[in-house]
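Undergrad: sequence first, predicted model second:
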Amino acid sequence: ANDFVKKVLHLSFRFHSERKTGKIAKEFARGISGMERFMDAFVFNLIPLSFRLVVIFFVFWWVDWHIALVLVGLVVAFCTFTVYASLLMQKRREAANVLDDEGSRKAMDALMNAEAVKYFQQESVEIRLFNRMRQNWKETKQSEWNGWTWIAAGQIFMNVVSVTIILALMIWKLLYTRGG
């Protein structure tokens, strides 16, 4: 963080006068937040989940290899679906990030140039532009949220189908392979 502040302060006057400081600050904050979320997901979700899946796979393999095969199929389908859907959602996220950057840039510019804005009586213009940009950002984020909802629904559907198949195989094995 100190290096970032030092770098921003040493940028040319032209850079600051072209009003890019707010955008860089927002991108820096978004990058730090993204790395924190990635590390949290990796350490607290992915590693324990992988361990549990391996244990469950071996238990299913011991019971019946068909059940273990369904589990492997679920994991492959789930990962493929999630990665593909996430790549599609990336376009919505990028659009929201662009609007967020523009909103931050606009707000930072208005604040840094408050004297000029007041002198030329442009407060209402600046507020209107900022509100319009934030409304566009809000709609884009809502679209992204709706997309994630559909992805979650697809993941839940895959889980339900695979659990149903696993239960059906276990019931079939119980009823028909042990003389039921």
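TA: Received it, and whenever you're ready, just let me know what you need.

Undergrad: quick check: longest helix of this structure.
TA: In the chain, taking DSSP state H as the definition, the longest helix is helix 123-176.

Undergrad: avg pLDDT for that one?
TA: Mean pLDDT, helix 123-176: 91.

Undergrad: which elements pack onto that helix?
TA: helix 47-63, helix 65-112 (3 or more CB pairs under 8 Å, 6 or more residues apart in numbering; DSSP states H and E). (C-beta placed from N, C-alpha, C; glycine too.)

Undergrad: can you list those helices in a markdown table and add distance to Phe120, mean pLDDT and mean neighbour count?
TA: Converted to a markdown table, the helices and strands packed on helix 123-176 look like this (distance: least, CB to CB, whole Å; pLDDT from 0 to 100; neighbours: other CB atoms under 10 Å):
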| stretch | distance to Phe120 | mean pLDDT | mean neighbour count |
| --- | --- | --- | --- |
| helix 47-63 | 57 | 91 | 12 |
| helix 65-112 | 12 | 87 | 16 |
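
Undergrad: quick one: those as CSV, columns for distance to Leu167 too.
TA: As requested, the helices and strands packed on helix 123-176 are exported to CSV (distance: least, CB to CB, whole Å):
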stretch, distance to Leu167
helix 47-63, 12
helix 65-112, 10
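
Undergrad: any idea which of these gets closest to Ile165?
TA: helix 65-112 (5.1 Å; CB to CB).

Undergrad: mind checking the pLDDT average for the next helix or strand after that closest one?
TA: Where DSSP states H and E defines the elements, the next helix or strand beyond helix 65-112 is helix 114-119. The average pLDDT within helix 114-119 is 77.

Undergrad: residues in contact with stretch 166-176?
TA: Under the criterion CB atoms under 8 Å, 6 or more residues apart in numbering, residues 60, 63-64, 66-67, 70-71, 180 lie in contact with stretch 166-176.

Undergrad: sorry, that was for stretch 26-36
TA: 4, 97, 100-101, 104-105.

Undergrad: a markdown table for those residues, including distance to Ser124?
TA: Compiled in a markdown table, these are given as follows (distance: CB to CB, whole Å):
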| residue | distance to Ser124 |
| --- | --- |
| Phe4 | 34 |
| Asn97 | 28 |
| Asp100 | 23 |
| Asp101 | 23 |
| Ser104 | 20 |
| Arg105 | 19 |
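
Undergrad: go through those and name the one nearest Phe78.
TA: Nearest to Phe78 among the contacts of stretch 26-36: Asn97, at 26.8 Å, using CB to CB.

Undergrad: how much space between that closest one and Lys118?
TA: Remark: distance between Asn97 and Lys118 (CB to CB, to the nearest Å) = 30 Å.
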